[in-house]
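**Student:** I'd like to go over a predicted model; first the sequence, then the structure.
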Amino acid sequence: MESVAAIFSLVARKRFGVFEDPVCETASIFRRLSQAASLSQGNQTMKKHKKTKPNPEAAKPLHEPKPDAAGIDLGATEIWVAVAPDRCQMPVRRFGAFTQDLLAILQWLLECGIRTVAMEATGVYWIPLYQLVADAGIEVCLVNARHVKNVPGRKSDVRDCQWLQYLHSVGLLMASFRPAQIICQTRSIYRFRQNLLTQVGQHLQHMQAALDQMNIKLHHVINDLSGQTGMAIIEAILNGERDPLRLAQYRDRRIKATQETIAKSLEGDWRSEHLFVLRLAWENGKQVQEQIKKCDQELMQYTRQLEAKTMVAQPIVPVKIMSLNVEPGVPELTPAPAVRPAKPRKKTSKNEPDGPWRENLHRFFGVDLTLIPAISVLTGITLMTELGNDLSAFKTVHHFCSWLCLCPDNETSAGKVLHKSTRRSQNRVRQALRMAASSLHHDKSYLGDKYRRLRAKLGAPKAITAMAHQIARIIWYLITHQVAFDMSIFAELEKANQKRHLNRLNSAAHQMGYQLTPIAA
């Protein structure tokens, strides 16, 4: 209280012009007050916050400098390259996009002693230069434009390449994941195959629109117009058949609709212009189907050249089996030898390519990923073409799931979580795993039960993300540790889940005054 009174008196004397401090008492008063305030704040802080353990990684440097770095900003017609100012008199140069220009860029980088390059581009402009630079032995860092676009005042290509060179020289850029070249070759073919499947769907929509305009309701009676019954009837219509009863005879025995219902749906107003559109759409669909078969054959040839998975990761710390986030009260399990089902799983999609793909995927990954519930051959091919079998680029399973954008992106500030939802991404592996997770709705395994439980609690979108995250953890563990998948390890988890469910039922019955008794066998 005395110190506070002294402060007020000093302020008053200074305000009215009678402020004198010959012995510098003012500084000593404020110094003592600041020390007392810091001690009191420190005591309050120690009371509120617990003492945290030191993080060994906090002492490590955040980045490593790279003096032999260059930055490249690519476009469709011109390329800007920047090196360090001490490497050349003209550290920033503009090149064209022809092959001779790419070779000139490579020659200039080698003359400047560049060992690592950071690239920023959209589309596929960067691929030719990336391959040339990588083949020359220069490390290439393909940068996500989202990581460097939020810097104001650098909107030109000249400043972009200089900014990239500086950020890369101080080690502040992270490279995007890119698999081996042989995997990229299979990826190009499989992605083109996916585009062809999209075109098939568009041609099918054109056929349905032509039928609707003639009041033909065939695609409303049968589930799939592109199936055996639908294609047979469409082909007969294009050959000149108009009798509904004769057309209905093409009905397959597996169709639920009766022959009379199909005959009624084929009575319409036959118009020449709509029949013309129907014929073109049907022919285009057939042509695209032939192209898909050629892609399957070419993809099979590349797959046979891929090397099988042989390297097994050695974990530094004990790793839980499958990394399945074991629920409380459930003991940790030990792996059991994998038991292959007696009957192989049937073809789950008509878009699945023909051939021994299960055996090829098993040889490539070293484990049979199709034994995992909801993982089909199409999902396995997506993993093969987008990831490969070498996941050493991801240090841990946490890095792998973060790359897939399947884990919460916690943004913290001042000890508070500001944002914790998952990031949006167009990652094809992420999309494949989410589709696989959504197919667990009717699965009778433990993963299916957990999906239905999460869906009832959190809703479908969050449940799909959670199960896709769990499937990703299983896949990472199987590939990196070469452990065969075995559904029997979920038996104890399922028993624990049933026990918790029974306890909840007993508690609810006890609150209502009832008692549950088991049914006599």
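**Tutor:** Right, received. Where do you want to start?

**Student:** where in the stretch 1-150 of the chain is pLDDT low?
**Tutor:** Along the stretch 1-150 of the chain, the parts satisfying pLDDT under 70 run over 1-63, 149-150.

**Student:** just the helices in it please.
**Tutor:** 2-15, 25-48, 99-111, 126-135 (DSSP state H, counting those that start in this stretch).

**Student:** show me the domain layout of this structure.
**Tutor:** Split into domains by automatic domain parsing, the chain comes to 1-36, 69-169.

**Student:** how distant is stretch 398-418 from the center of its chain?
**Tutor:** Here stretch 398-418 shows a centroid-to-chain-centroid distance of 14 Å under the convention CA atoms, centre = their mean, to the nearest Å.

**Student:** just the CA trace of that stretch, in CSV.
**Tutor:** Extracted in CSV, the C-alpha atoms of stretch 398-418 (Å, rounded to 0.1, in the frame of the first residue of the first chain):
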residue,chain,number,x,y,z
HIS,A,398,1.2,-40.4,-37.8
HIS,A,399,3.1,-38.7,-40.7
PHE,A,400,1.3,-41.1,-43.1
CYS,A,401,-2.2,-40.3,-41.8
SER,A,402,-1.3,-36.6,-41.7
TRP,A,403,-0.3,-36.7,-45.4
LEU,A,404,-3.7,-38.4,-46.1
CYS,A,405,-5.5,-35.6,-44.2
LEU,A,406,-7.3,-38.1,-42.2
CYS,A,407,-6.3,-36.8,-38.7
PRO,A,408,-7.3,-33.6,-37.0
ASP,A,409,-5.3,-30.5,-37.9
ASN,A,410,-4.9,-29.0,-34.4
GLU,A,411,-4.1,-25.3,-34.7
THR,A,412,-3.0,-24.1,-31.2
SER,A,413,-2.2,-20.6,-29.9
ALA,A,414,-1.6,-19.6,-26.3
GLY,A,415,-2.3,-23.1,-25.1
LYS,A,416,-5.7,-23.2,-26.7
VAL,A,417,-6.9,-25.3,-29.7
LEU,A,418,-8.3,-22.9,-32.2
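
**Student:** in it, what counts as buried?
**Tutor:** If you call a residue buried by 16 or more other CB atoms under 10 Å, then stretch 398-418 has these buried ones: 400, 401, 402, 403, 404, 405, 406, 407. Using the backbone N, CA and C atoms, a C-beta is placed for each residue, glycine as well.

**Student:** what does it contact?
**Tutor:** The contact list for stretch 398-418 (CB atoms under 8 Å, 6 or more residues apart in numbering) reads 177, 391, 394, 419-425, 427, 429-430, 433, 465, 468-469, 472-473, 476.

**Student:** which members of these are positioned in helices?
**Tutor:** Using DSSP state H, the members of those that fall in helices are 429, 430, 433, 465, 468, 469, 472, 473, 476.

**Student:** and the residues you listed, which two are the farthest apart?
**Tutor:** 465 and 476 (16.5 Å; CB to CB).

**Student:** neighbours of residue 459, how many?
**Tutor:** 10 (other CB atoms under 10 Å).

**Student:** so for stretch 508-521, what's the average pLDDT?
**Tutor:** Over the span of stretch 508-521, the pLDDT mean works out to 87.

**Student:** can you check stretch 356-367 too?
**Tutor:** The pLDDT scores in stretch 356-367 average 92.

**Student:** do stretch 489-499 as well
**Tutor:** In this model, stretch 489-499 has a mean pLDDT of 82.

**Student:** show me which of the contacts of stretch 398-418 are buried.
**Tutor:** 391, 394, 422, 427, 429-430, 433, 465, 468-469, 472-473, 476.

**Student:** with those residues in mind, which one is nearest to residue 72?
**Tutor:** Of the buried ones among the contacts of stretch 398-418, the one sitting nearest to residue 72 (CB to CB) turns out to be residue 427, at 24.2 Å.

**Student:** check contacts around the closest residue to residue 128 other than its chain neighbours.
**Tutor:** Excluding the flanking residues, the one nearest residue 128 by CB to CB, 6 or more residues apart in numbering is residue 102, at 6.1 Å. Counting by CB under 8 Å, 6+ apart, residue 102 makes contact with 79, 95, 128, 129, 132.

**Student:** what does residue 467 give?
**Tutor:** 437, 440, 447, 450, 451, 454.

**Student:** let's see 6 Å
**Tutor:** Shown in contact with residue 467 (CB atoms under 6 Å, 6 or more residues apart in numbering): 437, 440, 451.

**Student:** save these as JSON lines, and put in pLDDT and distance to residue 352 too.
**Tutor:** Formatted as JSON lines, these follow (pLDDT from 0 to 100; distance: CB to CB, whole Å):
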{"residue": "437", "pLDDT": "95", "distance to residue 352": "19"}
{"residue": "440", "pLDDT": "93", "distance to residue 352": "19"}
{"residue": "451", "pLDDT": "93", "distance to residue 352": "23"}
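
**Student:** using PyMOL, define a selection of the buried residues within those.
**Tutor:** Restricted to buried positions by 16+ other CB under 10 Å, the PyMOL selection for these reads:
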select buried, resi 437+440+451
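
**Student:** name the nearest of the contacts of residue 467 relative to residue 371.
**Tutor:** residue 440 (14.6 Å).

**Student:** these two touch, right, the closest one and residue 452?
**Tutor:** No. In this structure, residue 440 is not within contact of residue 452 by CB atoms under 6 Å, at 7.9 Å.

**Student:** so what sits against both of the two?
**Tutor:** In contact with both residue 440 and residue 452: no residue, using CB under 6 Å, 6+ apart.

**Student:** show me the shaky parts of the stretch 251-400 of the chain.
**Tutor:** Residues of the stretch 251-400 of the chain that meet the criterion pLDDT under 70 lie in 308-348.

**Student:** which parts of it are helices?
**Tutor:** Under DSSP H, counting those that start in this stretch, the stretch 251-400 of the chain gives helices at 259-265, 272-305, 357-365, 377-386, 397-403.

**Student:** most neighbours per residue, which of those?
**Tutor:** With neighbours taken as mean count of other CB atoms under 10 Å, the helices of the stretch 251-400 of the chain reach their highest mean count in helix 377-386, at a mean of 22.

**Student:** perfect, I'm done here.
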